[in-house]
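Trainee: Everything below, folded, please.
(one chain, ligands or ions: 1)
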Amino acid sequence: MKKITIAIDGFSSCGKSTMAKDLAREIGYIYIDSGAMYRAVTLYCIENGLVDGKEINTAKLREAMKDISISFQLNAETGRPDTYLNGANVESKIRTMEVSSLVSPVATLDFVREAMVAQQQAMGKEKGIVMDGRDIGTTVFPDAELKIFVTASAEIRAQRRYDELKAKGQEASYEEILENVKQRDFIDQNREVSPLRKADDAILLDNSNLTIAEQKEWLMKQFELVISD
Ligand code: DC
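Mentor: Residues are numbered from 1 along each chain as shown. Sure, this is the predicted structure:
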């Protein structure tokens, strides 16, 4: 069967990764969480003294880019890929509020985006890939055969992230998360390089009132439509 490229973009915490991961597993494709790559760069900044308050030391980060290596390895227990930063598994470290609140400014830096996009395009060279993010259908894979743009209300997204953190036993405040979701929406949509926007040929999905199962079924249908074309 022919292999295609699937781009799933949209706002933060709208369930993109869950649907992308599930689809990839079901159809035997590679899954790449491009947001995890920006989060890993952010963690590198935190761990290497490149953050002063809310400011990123851009000059030092530019120099450090050559020392940052990000990869993914399948976790046999969860059946999902974990993120590695310079050989260390950072999957849970990159999901903290500290990283979430610094990642948008890091993701606005042109030299960071250039490096990440180049790696993402290399990962997708053979097709058979599902990648989720903000600019996958517009910049990383503009020729992707299937593009989905996911959205849901900020309040619903904040509640989902709150439930996720709580389930992992992490401290969380709904108000703080909602503020963070809104702030990231603003930065993601208004940055100069590759702002978050729906590709003209992407299919819009508002999943505010869909269950995970309904969403999964919808996505599978879109995949089958493209593949049988
Ligand atoms: O999907 P996420 O919340 O893990 O993404 C983390 C941040 O990275 C988010 O604020 C936007 C940014 N990002 C991006 O700019 N481009 C991507 N392709 C993926 C994520």
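
Trainee: quick one: which helix or strand includes the residue sitting nearest the centre point of the chain?
Mentor: The structure's the chain has its C-alpha centroid closest to G35; by C-alpha atoms, centre = their mean the separation is 3.0 Å. Secondary structure assigned from DSSP states H and E places G35 in helix 34-47.

Trainee: C-terminal to that helix, what's the next element?
Mentor: Using DSSP H and E, the helix or strand that follows helix 34-47 in sequence is strand 51-52.

Trainee: residues making contact with that next one?
Mentor: Residues from elsewhere that reach strand 51-52 (C-beta atoms under 8 Å, 6 or more residues apart in numbering): C45, N57, L102. The C-beta positions use only the backbone N, C-alpha and C, and glycine is treated the same way.

Trainee: Run through the helices of the protein in chain order.
Mentor: 16-27, 34-47, 58-64, 97-107, 110-123, 154-167, 174-190, 212-227 (DSSP state H).

Trainee: Highest mean neighbour count out of those helices?
Mentor: Per-stretch averages of neighbours, counted by mean count of other C-beta atoms under 10 Å, single out helix 34-47 among these, with a mean of 22.

Trainee: Please save the CA atoms from stretch 164-173 in CSV.
Mentor: The C-alpha coordinates for stretch 164-173 follow below in CSV (Å, rounded to 0.1, in the frame of the first residue of the first chain):
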residue,chain,number,x,y,z
GLU,A,164,-3.5,15.2,32.5
LEU,A,165,-1.1,16.7,35.1
LYS,A,166,-3.3,15.6,38.0
ALA,A,167,-3.4,12.1,36.6
LYS,A,168,0.4,12.1,36.6
GLY,A,169,0.4,13.3,40.2
GLN,A,170,1.8,16.8,39.3
GLU,A,171,0.8,20.0,41.1
ALA,A,172,-1.5,22.1,38.9
SER,A,173,-3.7,25.1,39.0
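
Trainee: Just give me how far that stretch sits from the chain centre.
Mentor: Distance of stretch 164-173 from its chain centroid, counting by C-alpha atoms, centre = their mean, to the nearest Å, is 19 Å.
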